[in-house]
Every structure is written in structure tokens, then in C-alpha cells.
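Participant: coords please:
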Amino acid sequence: QVQLVESGGDLVQPGGSLRLSCAASGFIFSRYSMSWLRQTPGKERELVARISGATGSTVYADSVKGRFTISSDSAKSTLYLQMNDLEPEDTAVYYCRAVPYSSNDRTYWGQGTQVTVSS
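Facilitator: Take a look at the predicted model:
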């Protein structure tokens, strides 16, 4: 059974840092594109960062470039999001998502973790 479990969300002051983790089980990392998305009330989920499970190439939203870093550890089956220089606008629920390269599979989501940036 595939499962994605996020952790690491917290209340942090502006300018602070957090590292989110997404522990995956039940599938092979290299067969998926792994992403972090975030959502605030009344808005659609937006892509924050994506990493290819096959090549390791990364993509970032313009709003987080230079501040956030996505990475993965296939041996631990864990996806990370290092967030530095956090801003109040980064406040959101952050979700982990796994999109398969095969059309015979489905997309998986984690349950989300709350990040609040406030003084």
C-alpha cells in the first residue's frame, strides 16, 4: 500500500527556516516525479517545487527560488523541502505528491503539514 506522510510543519518567525519531510512507503522513488505543493484557504494548490525521481532535476516556483531546496533520499524513501528565509506569504498547508511516469499507475498525495510564518 502506497503511503506518503509529511512532517516538519511548525510556527516560525519571518526569516526563519524549516525542513519538511515526506516519508514514502510502498513504491519505488525513481518511478515517480515527486513534488511539494501548498494551499491556503480559498485558493487552489500551487506547485512549490518538483524533483524527478529518475534524473534528480528540479523545478521551483518563482516565489521560492533561492530560498527553498527540494531533495530526496531514495535509500530512505524520503522527500525533503528545506525552506529558508521564510516569509508570511509562505504560510500554507504543504502537501507531498507523487506522480507516476507510467500511465498504469496513479497519483498519490500526503495528508499535508501546516507551516505558519508569523511574528
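
Participant: just to check, residue 96 is in contact with residue 36?
Facilitator: Yes: the criterion here is C-beta atoms under 8 Å, and residue 96 meets it with residue 36 at 6.3 Å. C-beta: built from backbone N, CA, C; applies to glycine.

Participant: find the residues that touch each one of the two.
Facilitator: Shared contacts of residue 96 and residue 36, defined by C-beta atoms under 8 Å, 6 or more residues apart in numbering, comprise 20, 22, 79.

Participant: check this protein and tell me which residue is nearest its centre.
Facilitator: Nearest to the geometric centre of the chain sits residue 36, at 2.5 Å (C-alpha atoms, centre = their mean).

Participant: can you name every helix or strand that the helix or strand it falls within contacts?
Facilitator: Per DSSP states H and E: residue 36 is located in strand 32-39. Using 3 or more C-beta pairs under 8 Å, 6 or more residues apart in numbering; DSSP states H and E as the contact test, the elements touching strand 32-39 are strand 18-25, strand 46-52, strand 68-73, strand 78-83, strand 92-100.

Participant: adjacent strands (with direction) for it?
Facilitator: Paired neighbours of strand 32-39 in the sheet (DSSP bridges): strand 46-52 (antiparallel), strand 92-100 (antiparallel).
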